[in-house]
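# Predicted model, plus sequence, below.
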Amino acid sequence: MPFSLLPLLAIEIPWSPNIFVLGGFVLTWHGLFTAFGILAGVQLALRMGQRVRYDPDEAYTLALVGVPSGILGARALYVAEHWEYYRDSPLSILALNEGGISVWGAVLGGLIGAALFAKWRGYPIARGLDIASFGIVIGLAIGRLGDLVNGEHCARVTGLPWGVTYTNPISPGFVCEARPEVNFLPVHPATTYELFVLLAMMGVMYWLFTHLFARRPALTFFVFLYGYSVTRFFLTMLRVDSDVIAFGLRTPQLVSVVTAIVALPLVLIALWRPLEIVAPTMPPNRIPVQRTGR
């Protein structure tokens, strides 16, 4: 590589991806930050729910459904993407402690599971999607910190003035099986780029939701879905940890294209719908208590 293309700010990450190992249990940095992301996401969603007076009990219930649904979706899509390996080793599908999840699977699995449950219980789905979008975006952002430390997603060699190198022998980024020629060279911190975009997206979503979209249920969510689809499509070009499966696209790109095609008309439909009044949501079986003075 010409000297002019060598990164001047290459950051060396020497840490082990494992925080500690206890028997068959392995706590990784990715797992720790994922847990932090889930907790932060639930709390942020509840706070945003207060702004539109979404029933907190319903919000908690949806979180309890959405989180495990997201985990199942994340694993299912990853297994489908790497079916050639799991076909010969089906028991490995249950080995979540060994890693292997798909972010798109987590997003879509969690949303589908929570939406179906909300439909069954008669919860306001559109408002629920809005507040869930804030929980998802902050959860993904915090989780990407774990990706940076673990080095789980192999990326292309960078020609920019910055990059990352992984020097711990057990780090996935130390020996990138997807493309051996990138080993020991500074690569793009692709997941960190996504972190920055997610934080910027959250700021834009907050401003839109509080100033323009509060009376247009589901609009904030569809804007997030479309924006994240575009983000993942282009950032996947910097990664080499998934195979091309169709039309010259990798799995995250193909999912992004399909999701963007679905989300864009829904953005327009939500924009054209009549404004709604933000009112408290109350289950049909909950009777407000009227207090009288004595």
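Ah, there it is. Numbering: from 1, shown residues only.

# okay, CA-based contacts and neighbour counts for the rest of this
Fine.

# ok, Ala74 - contacts?
Ile101, Ser102, Val103, Trp104, Gly105, Ala106, Val107, Gly109 (C-alpha atoms under 8 Å, 6 or more residues apart in numbering).

# From Gly31, how far off is it?
13 Å (C-alpha to C-alpha, to the nearest Å).

# Buried residues, stretch 20-38. List them.
Val26, Thr28, Trp29, His30, Gly31, Leu32, Phe33, Thr34, Gly37, Ile38 (16 or more other C-alpha atoms under 10 Å).

# In contact with Pro265, which residues?
Contacts of Pro265 (C-alpha under 8 Å, 6+ apart): none.

# can you tell me the helix or strand for it?
Secondary structure from DSSP states H and E places Pro265 in helix 251-272.

# Tell me how many other residues crowd Ser229.
Counted by other C-alpha atoms under 10 Å, the residues lying close to Ser229 total 23.

# From Ile71, how far off is it?
19 Å.

# What of Ile261?
Ile261 is 25 Å from Ile71, by C-alpha to C-alpha.

# quick one, which of the two is more surrounded?
Ile71 (19 against 13).

# where exactly do the helices run in the chain?
Taking DSSP state H as the criterion, the chain contains helices spanning 29-51, 56-81, 83-86, 103-121, 125-150, 190-208, 219-235, 251-272.

# And the pLDDT for the closest residue to Val187 other than its chain neighbours?
Nearest residue to Val187 in three dimensions, chain neighbours excluded: Val157, at 4.1 Å (C-alpha to C-alpha, 6 or more residues apart in numbering). Looking at Val157, its pLDDT reads 86.

# Count residues in the vicinity of Leu266, would you?
There are 18 residues near Leu266, going by other C-alpha under 10 Å.

# Spatially nearest residue to it (excluding sequence neighbours)?
Leu266's closest residue in space is Phe222 (C-alpha to C-alpha, 6+ apart), at 6.6 Å.

# That neighbour - how many residues pack around it?
Neighbour tally, Phe222, other C-alpha under 10 Å: 23.

# what do you get for Glu194?
19.

# For Pro90, see how far away it is.
In terms of C-alpha to C-alpha, Glu194 sits 32 Å off from Pro90.

# now Gly110
From Gly110 to Pro90 the distance is 24 Å (C-alpha to C-alpha).

# Of the two, which one has the most company?
Gly110 (25 against 12).

# In contact with the nearest residue to the more buried one once chain neighbours are set aside, which residues are there?
Leaving aside its sequence neighbours, Gly110 sits nearest to Gly70 (C-alpha to C-alpha, 6+ apart; 3.7 Å). By C-alpha under 8 Å, 6+ apart, the residues touching Gly70 are Gly105, Ala106, Val107, Leu108, Gly109, Gly110, Leu111, Gly113.

# out of those residues, who's nearest Ala200?
Val107 (18.5 Å; C-alpha to C-alpha).

# now the closest residue to the closest one other than its chain neighbours: how far from Ala126?
Ranked by C-alpha to C-alpha, 6+ apart and with sequence neighbours excluded, the top spatial neighbour of Val107 is Gly70, at 6.1 Å. Per C-alpha to C-alpha, Gly70 is found 19 Å from Ala126.

# got it, and His30?
For His30, the distance to Ala126 - C-alpha to C-alpha - is 31 Å.

# got it, and Leu225?
For Leu225, the distance to Ala126 - C-alpha to C-alpha - is 14 Å.

# out of those two, which sits in the more crowded spot?
Between Leu225 and Ala126, counted using other C-alpha under 10 Å, the more crowded position is Leu225 (23 against 18).

# so what's that one up against?
Contacts of Leu225 by C-alpha under 8 Å, 6+ apart are Thr259, Ala260, Ala263.
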